[in-house]
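> structure of the sequence below:
(one chain, ligands or ions: 2)
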Amino acid sequence: MSTRGAFVVFEGGDGTGKSTQQRMLAGTLAEHGVDHLSTFEPGDSWLGREVRRLVLSPGSGDITPRAEALLYIADKAQHVAEVVEPALNRGSVVVCDRYVDSTLAYQGAGRVLAVDEVETLARWATLDLRPDLTVLLDLEPESGLATIGERDRIEAAGVDLHERVRAGFLALARRDPQRYLVVPARSGTPEAIAGVVLRRVLELDHPWPASLRAAAGRPDAGGRRPAGMSGPGDRLVP
Ligand SMILES: Nc1ncnc2c1ncn2[C@@H]1O[C@H](COP(=O)(O)OP(=O)(O)OP(=O)(O)O)[C@@H](O)[C@H]1O
Ligand SMILES: [Mg+2]
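Numbers count the residues shown, from 1 in each chain. Ligands and ions are numbered 1, 2, ... in the order given. Here you go, the predicted model:
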């Protein structure tokens, strides 16, 4: 039986650097020949593409908060079954841009539905598949949104929604700190943050190649700790 893969998720508000960090981690894994898959929610399955079009298009009609939550959750059910689980079963490292926490933060805390109710539905839909590590890129909403040109339906919502989203993410991280690395999203260059993320990823139980461990120790993998970093990843930073 082959080893099961590892499931790493990037979470955080809009424009916090999730895609940047996902690209950098995937690039490093590729460089060292680690079997991996980069994916994202919502939208990385045939059904998800339709859901993404519906929920994010500024041209969509009014979608009630409960309908919005169910659409996102349907995307997750399909994505886990069609993309994430098969890759983990093949032994791949799955690197995902947004997962269940985003739905809890945006559709729960943000849209003011009961987070525990949304969570029950989302866990049911995903067969309770939890990330081995969630990297939460934390940033005040104004800074993140400022980086975005044309805003989608969610990004265009009021800043108080985005403040609740931020608090929602942080509350989830506090609940299970061993499985989170919370990174102030502008506390260092993308390269410095990627180095800290990589070292935390290498703590996961997975047959990482020696070359990758060696690279993580080098300064070009982000030698200095960005200010204010919190979470178990701190243990690795000299
Ligand atoms: N550590 C950093 N310091 C400064 N700027 C950064 C950092 N990381 C990313 N950025 C910049 O912030 C912007 C948003 O980055 P990115 O697209 O990766 O964020 P995102 O979280 O994926 O956004 P979205 O929610 O829109 O998908 C980009 O212009 C990127 O270059
Ligand atoms: Mg992105």
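
> by mean pLDDT, flag the weakest helix or strand of this structure.
In the chain, the helix or strand scored least confidently by mean pLDDT, DSSP states H and E is helix 141-146, which has a mean of 86.

> same question for that helix: list its buried residues.
141, 144-145 (16 or more other Cβ atoms under 10 Å). For every residue, glycine as well, the C-beta is placed using N, CA and C.

> shaky segments in the chain?
1-2, 219-238 (pLDDT under 70).

> ok, 80 please
1-2, 153-154, 156-157, 218-238 (pLDDT under 80).

> and the longest helix for it?
If you go by DSSP state H, the chain has its longest helix at helix 159-175.

> what comes up buried for it?
Going by neighbour count (16+ other Cβ under 10 Å), the buried part of helix 159-175 is 161-166, 168-170, 172-173.

> pick the one among those residues closest to Val115.
Gly168 (6.9 Å; Cβ to Cβ).

> residues near the closest residue in space to that closest one that isn't next to it in sequence, how many?
Using Cβ to Cβ, 6 or more residues apart in numbering and skipping residues adjacent in sequence, the residue nearest Gly168 is Ala109, 2.9 Å away. Residue neighbour count, defined by other Cβ atoms under 10 Å, stands at 22 for Ala109.

> Ala109 against Val118, yeah?
No: with contact defined as Cβ atoms under 8 Å, Ala109 and Val118 do not form a contacting pair (9.2 Å).

> shared neighbours of those two, anything?
Common neighbours of Ala109 and Val118 are not found (criterion: Cβ atoms under 8 Å, 6 or more residues apart in numbering).

> what parts of the chain come near ligand 1?
12, 14-20, 147-148, 186, 189-190, 193 (Cβ under 6 Å from any ligand atom).

> among these, which ones are buried?
12, 14-18, 20, 186, 193.
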